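**Q** Sequence first, then the predicted structure:
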2 protein chains.
Amino acid sequence: MKPATETVPLRDDAQDDRSQLIREALYNAIVERRLAPGTKLIETEVGELFDVSRTVVRAALQMLAFEGLVKIERNRGAFIAYPSPDEARQIFESRRVIEPEIAMRATERMAMADIDMFRSHLREEERLLAERGPNARRAAIKASGDFHLMLAAVAGNQILERFMRELIARSSLVIALYGQSGASSCARSEHADILGALIARDGKKAASTILHHIDHIEEDLDYRAAGNAPLRQALRL
Amino acid sequence: MKPATETVPLRDDAQDDRSQLIREALYNAIVERRLAPGTKLIETEVGELFDVSRTVVRAALQMLAFEGLVKIERNRGAFIAYPSPDEARQIFESRRVIEPEIAMRATERMAMADIDMFRSHLREEERLLAERGPNARRAAIKASGDFHLMLAAVAGNQILERFMRELIARSSLVIALYGQSGASSCARSEHADILGALIARDGKKAASTILHHIDHIEEDLDYRAAGNAPLRQALRL
DNA sequence: CTCGGTGAAATTGTATGCAATTTATATTTC
DNA sequence: GAAATATAAATTGCATACAATTTCACCGAG
C-alpha cells in the first residue's frame, strides 16, 4: 500500500495548517473514491478523527463546499456532493474550455525536467492499471487525475491550476456516479499521446488531443444511470 | 444615489444566509473599489457592523480568502488582497482563456430577453460614464464588470460563471493598483461591439472582440507602478 | 403491518471565553 | 531626540457552551 503518486500539494500558501490538512485529506478521499457522493460528513466525527474541534473541521468543510465538492445544507450538515447530470455536463464543458489552453501553455513552458516527470508518471499510471485490487484501482484513478494537474502546474498559472483541481475532483464524483466501464479512468494511452504532442512542442496537437481525451471520458458516462441516488438528491430537495 | 445596476446575485444556492450576506457586501465593496487593496478587515469590527459574532464573519472572510480576494495571514488577520504583478498577469491570462469561450456560448444561447437586458445595461453604463463624481465612477466600474458577468450568466455554465465572478473581482483589485488612465474601466464602446457580435450571432467575432477588449484593459496597466505598496506586500513577507 | 405522532438523542449554528500572538504605547537608555 | 526595551491593549485561533433544528427510535391507533 504505497502512496502510488507523489501527492501534488493542494495549495502553496498554506494559511491555516490544520483545516487545510483536513481539506486535503477529504479532497484526496474524494478523488480516490473512498468517499462516495452523498456521504454525510459529521463535524464531530471528522473532528475526533483529526483531533481538532468542530471549528476547524467547519472551516475545511466550508472550503470544500465553496469549490463544489461538498454540499452544506442548512441545519442538516455537509454531504459529499452529488452532481446532477446537468452539473456534470457543465463540469466537462468547463474542462473543455480550460484544458486545451492549459495544454498549449504547458507546451510552451515545459522544461526537460518536466518531461522526465511526465514519463515516470506515465509509467506509474500503466503499472497501476495493470495491477489488481481495489487499492490499485483507487491509486490509478488518482494518478489519472494527477496527470491533468501536472499539466496545469507546468502551464504555470496558479489560478487555472486551482480551477483545474476543483474540476478534476468534481469529475471524479461524476465518474463515480455515472461511469460505466471504468475505462473512463484509464482512457487507454491517451495521456501518452498528449505527452507526445508536448514533447514535439506541438501546442495545437496537444490541445486537440486533450480535447478528444475529455470527450472520450465523457462518452463513457451514462447520465440516465442516476444509480442509487439518495432520493433527496434525486429529487433535488 | 440609486443602485445603478441590478445586482447579480452572488450565488443561487444560498447556504448560510448571514456569512453569505457579509461575503456579498464585501465582494461588492471590493468591486466598487470602496475597499482598497491591503485594507485590514478586523473581525470584531465587521461583526459589529453586521451585528453578528466573529464566527460568521470568519466564515465570510475564509470564503473570500479562498477565491483570492482576501489574504489571511496567520495570527495577523485578513486583508484585502494585494495582487502582485505576476498574479495580475495570471488573472488576465485566465480571463483570456475563459471569456472568449463564454462569448461563443453566450452567442449560441442568447434569447431575445437577453438582448434587451444587454441593451439597457449598456445604456446604463454610458449614462454612468457621462456622470461626474466618485459615486458615479464606482457605479461605472461595477457596471463594467457586471457586463462580463451577464455574459457569463447567459452562457449558461454556473461553474464558469463562478470562476468569472472571482476573476472580475480580482481584476478590479488589479486595476485599482496598476490602472493608469482610469480608461481601463471604460474601454470606450467595446462592450457595444461585443453585443453587436452577439446579436449578429457571430460567435467567432464575439470571441475575438472580447479577447481584444481584455487586451486593451491590460494594456492600460502599469505593473511597475506598484504605487504605495504597504511595504509588507511589496517585500512579499 | 403501516401510518402518524411523541420524546430523546444527535447534530448543527452561533456566541463566547481563553490562551497565544501581534500591535501599539510607554519607558528607559544612550 | 533616537533606538531599544518593557508593558499594555488589541486581535486572532481555537475550543467549548448552549439554543435551535433535525433525526431517530419508540409506541399506539387504525
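**A** Good, I have the coordinates. Quantities reported herein were computed from a predicted structural model and do not represent experimental measurements.
**Q** Near DNA strand C, which residues of chain A are found?
**A** Residues of chain A lying near DNA strand C by Cβ under 7 Å from any atom of the strand: A:40-45, A:54-55, A:58, A:72, A:74-78. Quick note: C-beta positions are derived from backbone N, CA and C, even for glycine.
**Q** now, among these, which is nearest to residue A:163?
**A** residue A:72 (20.9 Å; Cβ to Cβ).
**Q** who's in contact with the residue in chain A that DNA strand D sits nearest to?
**A** Closest to DNA strand D within chain A is residue A:53: 3.0 Å, counting by Cβ to the nearest atom of the strand. Residue A:53 sits next to residue A:47 when contact means Cβ atoms under 8 Å, 6 or more residues apart in numbering or on different chains.
**Q** quick one: contacts of the host helix or strand of residue A:120?
**A** Following DSSP states H and E, the helix or strand that holds residue A:120 is helix A:112-130. For helix A:112-130, contacts defined as Cβ under 8 Å, 6+ apart pick out A:4-5, A:136, A:139-140, A:143-144, A:146-147, A:150, A:154, A:186, A:191-192, A:195, A:198-199.
**Q** and with 6 Å instead?
**A** A:136, A:139, A:140, A:143, A:154, A:186, A:191, A:192, A:195 (Cβ atoms under 6 Å, 6 or more residues apart in numbering or on different chains).
**Q** Same check on stretch A:153-163?
**A** So stretch A:153-163 is in contact with A:102, A:105, A:106, A:109, A:110, A:114, A:152, B:90, B:93, B:94, B:163, going by Cβ under 6 Å, 6+ apart.
**Q** interface residues of chain A facing chain B?
**A** Neighbours of chain B within chain A, by Cβ under 6 Å from any Cβ of the partner chain: A:15, A:59, A:62-63, A:66, A:72, A:90, A:93-94, A:97, A:101, A:157, A:159-160, A:163.
**Q** ok, of these, which come out buried?
**A** Buried members of these, scored by 16 or more other Cβ atoms under 10 Å in any protein chain shown, are A:59, A:62-63, A:66, A:72, A:90, A:93-94, A:97, A:101, A:157, A:159-160, A:163.
**Q** Which members of the residues of chain A next to chain B are positioned in strands?
**A** Among the residues of chain A next to chain B, the ones falling in strands (DSSP state E) are residue A:72.
**Q** Looking at the residues of chain A next to chain B, spot the one nearest DNA strand C.
**A** DNA strand C lies nearest to residue A:72 out of the residues of chain A next to chain B, by Cβ to the nearest atom of the strand, at 6.0 Å.
**Q** beta partners for the closest one?
**A** On the basis of DSSP bridges, residue A:72 is bridged to residue A:78.
**Q** Looking at it now. What's its pLDDT?
**A** Listed pLDDT for residue A:72 reads 96.
**Q** surely it meets residue A:65?
**A** Yes: Residue A:72 lies in contact with residue A:65 (Cβ atoms under 6 Å); the separation is 4.5 Å.
**Q** Check which residues of the helix ranked longest in chain A are buried.
**A** Selection of the longest helix in chain A by residue count, based on DSSP state H, yields helix A:85-109. Across helix A:85-109, burial judged by 16+ other Cβ under 10 Å covers A:85, A:87-95, A:97-107.
**Q** Extract the residue ranges of chain A that are flagged as low pLDDT.
**A** Applying pLDDT under 70 to chain A picks out residues A:1-15, A:182-188, A:225-237.
**Q** all helices of it, in order?
**A** Taking DSSP H as the criterion, chain A contains helices spanning A:17-31, A:43-50, A:54-66, A:85-109, A:112-130, A:134-155, A:158-178, A:183-186, A:190-199, A:203-219.
**Q** residues in contact with the first one?
**A** Contacts to helix A:17-31, defined as Cβ under 6 Å, 6+ apart, come from residues A:10, A:14, A:35, A:50, A:52, A:56, A:59-60, A:63, A:69, A:142, A:145, A:169, A:172.
**Q** Name all residues that make contact with residue A:62.
**A** residue B:59.
**Q** tell me the residue furthest from the middle of chain A?
**A** Distance from the C-alpha centroid of chain A, by Cα atoms, centre = their mean, peaks at residue A:75 (28.3 Å).
**Q** If you go by neighbour count, which of the contacts of helix A:112-130 are buried?
**A** Buried among the contacts of helix A:112-130 (16+ other Cβ under 10 Å): A:136, A:139, A:140, A:143, A:154, A:186, A:191, A:195.
**Q** Which residue, other than its chain neighbours, is closest to residue A:70?
**A** residue A:64 (3.9 Å; Cβ to Cβ, 6 or more residues apart in numbering or on different chains).
**Q** scratch that, residue A:204 is what I was asking about
**A** Excluding the flanking residues, the one nearest residue A:204 by Cβ to Cβ, 6+ apart is residue A:104, at 7.6 Å.
**Q** And for residue A:35?
**A** That would be residue A:29: by Cβ to Cβ, 6+ apart, it lies 4.5 Å from residue A:35.
**Q** distance of the one you found from residue A:80?
**A** According to Cβ to Cβ, to the nearest Å, residue A:29 stands 9 Å off from residue A:80.
**Q** again with residue A:117
**A** Between residue A:117 and residue A:80 the computed distance is 31 Å (Cβ to Cβ).
**Q** Looking at these two, which one has more neighbours?
**A** Neighbour totals were compared for residue A:117 and residue A:80, and residue A:80 leads with 20 against 16 (other Cβ atoms under 10 Å in any protein chain shown).
**Q** so that one touches residue A:40, yeah?
**A** No: counting by Cβ under 6 Å, residue A:80 does not reach residue A:40; the two are 8.1 Å apart.
**Q** Turn the buried ones among the residues of chain A next to chain B into JSON lines, columns for distance to DNA strand D.
**A** Shown next, in JSON lines, are these (distance: Cβ to the nearest atom of the strand, whole Å):
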{"residue": "A:59", "distance to DNA strand D": "7"}
{"residue": "A:62", "distance to DNA strand D": "13"}
{"residue": "A:63", "distance to DNA strand D": "13"}
{"residue": "A:66", "distance to DNA strand D": "17"}
{"residue": "A:72", "distance to DNA strand D": "12"}
{"residue": "A:90", "distance to DNA strand D": "27"}
{"residue": "A:93", "distance to DNA strand D": "32"}
{"residue": "A:94", "distance to DNA strand D": "31"}
{"residue": "A:97", "distance to DNA strand D": "35"}
{"residue": "A:101", "distance to DNA strand D": "35"}
{"residue": "A:157", "distance to DNA strand D": "27"}
{"residue": "A:159", "distance to DNA strand D": "23"}
{"residue": "A:160", "distance to DNA strand D": "27"}
{"residue": "A:163", "distance to DNA strand D": "25"}
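**Q** Save those as JSON lines, and put in distance to residue A:220 too.
**A** JSON lines is the format used below for these (distance: Cβ to Cβ, whole Å):
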{"residue": "A:59", "distance to residue A:220": "36"}
{"residue": "A:62", "distance to residue A:220": "33"}
{"residue": "A:63", "distance to residue A:220": "30"}
{"residue": "A:66", "distance to residue A:220": "29"}
{"residue": "A:72", "distance to residue A:220": "30"}
{"residue": "A:90", "distance to residue A:220": "18"}
{"residue": "A:93", "distance to residue A:220": "16"}
{"residue": "A:94", "distance to residue A:220": "18"}
{"residue": "A:97", "distance to residue A:220": "20"}
{"residue": "A:101", "distance to residue A:220": "24"}
{"residue": "A:157", "distance to residue A:220": "29"}
{"residue": "A:159", "distance to residue A:220": "29"}
{"residue": "A:160", "distance to residue A:220": "25"}
{"residue": "A:163", "distance to residue A:220": "23"}
